[in-house]
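S.K.: sequence and predicted model, in that order:
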Amino acid sequence: MGGSTFCASKVSRDLTKKATMPAVKGDNMRGLLVFISDIRNCKSKEAEIKRINKELANIRSKFKGDKTLDGYHKKKYVCKLLFIFLLGHDIDFGYMEAVNLLSSNRYTEKQIGYLFISVMISANNDLIKLVIKSIKNDLASPNPVHVNLALQCTANIGSKEMAEGLGNEIPKLLVTGMEKSLRETIDSVKQSAALTLLRLLRTSPEYIQIGEWSSRVIHLLNDQHLGVVTSAASLIEALVKKNPEEYKGCVSLAVSRLSRANLQDYTYYFVPAPWLSVKLLRLLQNYPPPEDPAVRTRLTECLETILNKAQEPPKSKKIQHGNAKNAVLNEAINLIIHMDSDPNLLVRACNQLGQFLQHRETNLRYLALESMCLLATSEFSHEAVKKHQETVVNSLKTERDVSVRQRAVDLLYAMCDKTNAEEIVGEMLEYLETADYSIREEMVLKVAILAEKYAVDYTWYVDVILNLIRISGDYVSEEVWYRVIQIVINRDDVQGYAAKTVFEALQAPACHENMVKVGGYILGEFGNLIAGDPRSSPLVQFQLLHSKYHLCGPATRGLILSTYIKFVNLFPEIKSTIQDVLKSDNNLRNSDVELQQRSVEYLQLSTVASTDVLATVLEEMPPFPERESSILAKLKKKKPTVTEQAENKEPKQPMPQAQMSNNVNTHNTPPPLSVPAASNPPSAAASDDLLGLNSPGPSQAAPSAGSFLLDVFDTVGSSPPTNGVDSNGLTPGAEESFKKFICKNNGVLFENDLLQIGVKSEYRQNLGRLGIFYGNKTSFQFSGFSIDTHCSQITCTPKPVGTTIESGAQVQQVINIECITEFSDAPLLIISFMCNGNSHRLNLKLPVMFSKFSEPAEMDSATFFARWKGLSQPNQECQKVFKAKFPIDTEQNKTKMLGFGISILEGIDPNPDNYVSAGVIHIKGSQVGCLVRLEPNKNAQMYRLTIRASKPPVPNILADLLEHQF
């Protein structure tokens, strides 16, 4: 909203200037000045609307009645229309007159025509072909002013049609310029051509073919005009990202330009050409270090010069000087980190960043911490980064900005090794007690990883994890306590210490449920190792654990019951006490079927099974297979940029999950407990895991409750195989998943045994942004992963993603959306990939509906009914009567209507059971008001839905969407 207001006010000021500037005689547009003055002098909104309507009627009559209207009057009236539009009023005529102005040879008339076209005409307007034709004529004009006007209009609109129609014309301007007699004007045309080409390349790259011009475009870096070089650098970087091999010749030219003394031709607050320097340094980050020794030496000298200048005293106290100087320095350091080949430069960069850690400017401290995270991963600069450990710890404790503290945590994690692990983990644990809630979960994961990775003595590791649970139990994920149990089971030397430590931890009056889980499991396996001490005798262990039983949830109670049956085998002397607990009505008649079944089966097992059978069934858990830490895998998904890169590792082993037996069942009720026959003894890897830590694969792990993928209204189940399609050409289940997003923005769009696709979206006026998350649930890599979007009535700009997704990994794609006009057909999302030698394809609907661009509108009863009566034309209303698909629930209905993007207006309808709502839908260049009335009939389980809107197709589109939600 702020951006459009700024733009409107700027253009409005320009129009006022044009009206008051002493131009050529007859061009001062006095009528426009008078009109603007009249509008500003209006005392009320009604007076303003009255004056505008009067002017619109006058302009309409002039355009229709006066066939000999000259260019001056056309320009004046078009200016007035543009000013009225910028005040927020709809304009439905005058477009053709503006297009006609483009053919004028007078600069002022052509300028106003292009200004009107840039602001008012959208990409799918019927006049766009006429506009493109006029632009082509001006691009061929010998007048550079006309050429620049045409280029600026093209860049402002930047539509697919313009890219297709002008994509071959603009590169010629960029590399050939114009007539030699107009040499002084070539530079401005080249600048505009480069930036226009960059705009079209970003919006429609498929229509921009530089090809034959590529070498000449690269050599623009040698141009004498600084503006041309700066514009060309931006264009070349975009081309390099598309095809780096074709433009690799730019490396030597960029280095040469960076080192040339003529950068001094332009200085900004004593900093030579900072914008060009930043662009060239960023361009070089797209390639490895130069292979040519001369170019490499020259680049090293440039980087050393930048580092040397950073050490010089500031030449100005102005903030602009510091900003420009630091911008160049930061990009130079990024290039040094990217090359990662010169130890001297890396250490110097680290020392320079170390000075910024204590700078008073928050942004500099943030950038320093972020860059040092990357330096810490280099073998050349890791030791230099460690020297700043004390400063980083101090930043963690004293910084006010949570984002800076987050970067400090990242840096501590990156600089940690065997020499400083205990110190860093200790500092992070100490800070964790007062840490901001937004970074606690990530800190817990990082502390757990560091403790495991650098543990020399695993008793220290156990202490760290138990401290994590004590300090931040709510943020300790299942992966963390699963992992500590795996390690304790796999290491005989730590089992007794772990049993003793958890026993002491359970004695605390307030004990987190995760601590009870860890304690219950470890005591059930190794409680016998501390049973010799009277203070931790079998009965004391049982009583301590049972004192926590009634304070825990069903899952933890089930694990404790499994510990009890393990105690029966470990400590026969307390068998009767445990049987009494299992016989209690609280367990045998528990409303939770899982707890009831465990109690019945465990009681029966302890009663009828012999000692040998009990020892076989309840034997100690075998060691878990060695695997990559599931905690590390989770952290990689959360923040792949700050975790270690995965090496050539075996497919991830499954992590433990709370199940009673080895037969993993996705329902709450597990299969009956059975004793294996003597003729078919279980293998070590397949022993019954009665304490609920058996290990299903990652694909069976459910998302955590805090995950944005949680489905708000219902749970998305597994979809059918990926290659089938329904009668609409969609993957089966795609239509139903699409409808679930009508009243919500976040959730799971698709899920099967291979892939999970989640969506998180946000909308503002006619713009939207979708984050699409693709999760690989298999133990195989996805290769050839490609995503294609088909949009017909809206503009979709997807950001590219990699062609591979590793096992268990998740990648994110951002898609920017712009609503051009009303639409009923959603964009298509087509996904194809290879997995384990098989090809898969998904045809899904992108969850973007016309209603997503709606914002709630508030109004009183009188206003509502006045507007309702005003929308009385037959094509402005749609009414549907339909059977309720869900039980009629007042609060649920309100939630859905708010999620649909419309308000709930209380006290409007005489019947309190009815819902009355209003909203404003934003499309490019205009708004559509809509009013909604939903009348439920609880006795008949029916609804009547009535929607009125100011634009004819809109009521039908909205009614078709809302009908599926009630």
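M.R.: Received, thanks. Numbering: from 1, shown residues only.

S.K.: with only the CA atoms kept, save stretch 906-919 in CSV.
M.R.: Provided in CSV are the C-alpha atoms of stretch 906-919 (Å, rounded to 0.1, in the frame of the first residue of the first chain):
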residue,chain,number,x,y,z
GLU,A,906,-22.1,-8.3,13.4
GLY,A,907,-25.6,-6.8,14.0
ILE,A,908,-26.3,-6.3,10.3
ASP,A,909,-28.8,-9.1,9.6
PRO,A,910,-32.0,-9.2,11.7
ASN,A,911,-31.5,-13.0,12.0
PRO,A,912,-28.5,-13.6,14.3
ASP,A,913,-27.9,-17.0,12.8
ASN,A,914,-27.1,-15.5,9.4
TYR,A,915,-23.6,-14.3,8.4
VAL,A,916,-23.1,-11.0,6.7
SER,A,917,-19.6,-10.2,5.2
ALA,A,918,-17.9,-7.7,3.0
GLY,A,919,-14.5,-7.5,1.3
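
S.K.: and residue 929, what element?
M.R.: If you go by DSSP states H and E, residue 929 is part of strand 926-937.

S.K.: helices or strands up against that strand?
M.R.: helix 861-870, helix 890-899, strand 915-923, strand 942-949, helix 953-962 (3 or more CB pairs under 8 Å, 6 or more residues apart in numbering; DSSP states H and E). All C-beta atoms are positioned from the backbone trio N, CA, C, and that covers glycine.

S.K.: the second one to strand 942-949, inter-axis angle?
M.R.: Translated: helix 890-899. Put simply, helix 890-899 runs at 20 degrees to strand 942-949, going by axes from the mean of the first three to the mean of the last three CA atoms, to 10 degrees.

S.K.: helix 890-899 to strand 926-937, inter-axis angle?
M.R.: Orientation of helix 890-899 against strand 926-937 (the same axes, to 10 degrees) gives an angle of 170 degrees.

S.K.: mind checking how far helix 890-899 is from the chain centre?
M.R.: 26 Å (CA atoms, centre = their mean, to the nearest Å).

S.K.: next, count neighbours for residue 873.
M.R.: The tally of other residues near residue 873 (other CB atoms under 10 Å) stands at 10.

S.K.: with residue 172 instead?
M.R.: Neighbour tally, residue 172, other CB under 10 Å: 13.

S.K.: any idea how far it lies from residue 344?
M.R.: Note on residue 172: its distance to residue 344, by CB to CB, to the nearest Å, is 46 Å.

S.K.: now residue 55: how far from residue 44?
M.R.: For residue 55 relative to residue 44 (CB to CB), the value is 17 Å.

S.K.: and residue 899, by the same measure?
M.R.: Separation of residue 899 from residue 44 (CB to CB) stands at 37 Å.

S.K.: cool, residue 308 as well?
M.R.: Distance of residue 308 to residue 44, given as CB to CB: 65 Å.

S.K.: figure out how far the strand holding residue 929 is from the centre of its chain.
M.R.: With CA atoms, centre = their mean as the basis, strand 926-937 stands 31 Å off its chain's centre.

S.K.: which residues sit against that strand?
M.R.: Residues from elsewhere that reach strand 926-937 (CB atoms under 8 Å, 6 or more residues apart in numbering): 90, 822, 854, 857, 864, 867-868, 871, 884, 888, 893, 897, 902, 909, 911, 913-921, 942-951, 954-955, 958, 962, 966.

S.K.: picking that back up, quick one, which of residue 899 and residue 44 is more surrounded?
M.R.: Taking neighbours as other CB under 10 Å, residue 899 and residue 44 compare with residue 899 leading, 17 against 8.

S.K.: let me see the backbone angles for the nearest residue to that one once chain neighbours are set aside.
M.R.: Closest residue in space to residue 899, ignoring its immediate chain neighbours: residue 743 at 3.6 Å, by CB to CB, 6 or more residues apart in numbering. Note on residue 743: its backbone torsions stand at phi -110, psi 20 [degrees, to the nearest 10].

S.K.: residue 606 too?
M.R.: phi -70, psi -20.

S.K.: picking up where we left off before, out of the helices and strands packed on strand 926-937, which comes closest to residue 502?
M.R.: helix 890-899 (43.2 Å; CB to CB).

S.K.: excluding its backbone neighbours, what's nearest the most centrally placed residue in the chain?
M.R.: By CA atoms, centre = their mean, the mean C-alpha position of the chain lies nearest to residue 771, the distance being 4.6 Å. Among residues not flanking residue 771 along the chain, residue 760 sits closest, at 4.4 Å (CB to CB, 6+ apart).

S.K.: pretty sure that neighbour is touching residue 773, no?
M.R.: Yes - here residue 760 reaches residue 773: they are 7.3 Å apart, a contact under CB atoms under 8 Å.

S.K.: more neighbours: which of those two?
M.R.: residue 773 (19 against 15).

S.K.: helix, strand, or coil at the more buried one?
M.R.: State at residue 773, reduced to three classes by DSSP: H, G, I helix; E, B strand; the rest coil: strand.

S.K.: then residue 831?
M.R.: Going by three-state DSSP: residue 831 is strand.

S.K.: and the gap between it and residue 73?
M.R.: Distance, residue 831 to residue 73, by CB to CB: 56 Å.

S.K.: can you check residue 311 too?
M.R.: Distance of residue 311 to residue 73, given as CB to CB: 64 Å.

S.K.: of these two, who's got more company?
M.R.: Remark: of residue 311 and residue 73, residue 73 carries more neighbours, 17 against 10, as counted by other CB under 10 Å.

S.K.: chain neighbours aside, what residue packs nearest to residue 250?
M.R.: Closest residue to residue 250 apart from its sequence neighbours, by CB to CB, 6+ apart: residue 218 at 4.7 Å.

S.K.: which helices and strands does the helix or strand in which the one you found is found pack with?
M.R.: Assigned by DSSP H and E, residue 218 belongs to helix 214-218. On a contact count with 3+ CB pairs under 8 Å, 6+ apart, helix 214-218 meets helix 170-176, helix 226-242.

S.K.: any idea which of the ones you listed has the lowest pLDDT on average?
M.R.: With a mean of 82, helix 170-176 has the lowest mean pLDDT of those.

S.K.: from the middle of its chain, how far away would the following helix or strand past that one be?
M.R.: Per DSSP H and E, helix 170-176 leads on to helix 183-203 as the next helix or strand towards the C-terminus. Centroid displacement of helix 183-203 relative to its chain, using CA atoms, centre = their mean, is 32 Å.

S.K.: and the angle for helix 183-203 with helix 226-242?
M.R.: Using the same axes, to 10 degrees: helix 183-203 against helix 226-242 is 30 degrees.

S.K.: and helix 183-203, what does it pack against?
M.R.: For helix 183-203, the packing partners by 3+ CB pairs under 8 Å, 6+ apart come out as helix 144-157, helix 160-166, helix 170-176, helix 226-242.

S.K.: tell me if residue 429 really is in a strand.
M.R.: No - going by three-state DSSP, the assignment for residue 429 is helix, not a strand.

S.K.: that one contacts residue 465, doesn't it?
M.R.: No - if you go by CB under 8 Å, residue 429 and residue 465 don't touch, sitting 10.6 Å apart.

S.K.: more neighbours: the two, which one.
M.R.: Taking other CB under 10 Å, residue 429 and residue 465 do not tie; residue 465 has more neighbours (27 against 20).

S.K.: list the contacts for residue 469?
M.R.: Contacts for residue 469 were tallied using CB under 8 Å, 6+ apart; they are 476, 480, 481, 512, 514, 515, 518.

S.K.: do residue 557 as well
M.R.: Residues in contact with residue 557 (CB under 8 Å, 6+ apart) are 549, 592, 595.

S.K.: figure out which of the helices and strands packed on strand 926-937 is closest to residue 225.
M.R.: Of all the helices and strands packed on strand 926-937, it is strand 915-923 that lies closest to residue 225, at 40.9 Å by CB to CB.

S.K.: tell me the angle the closest one makes with helix 953-962.
M.R.: Using the same axes, to 10 degrees: strand 915-923 against helix 953-962 is 120 degrees.

S.K.: backbone dihedrals for residue 159, please?
M.R.: Dihedral angles of residue 159 (phi, psi; degrees, to the nearest 10) stand at phi -80, psi 170.
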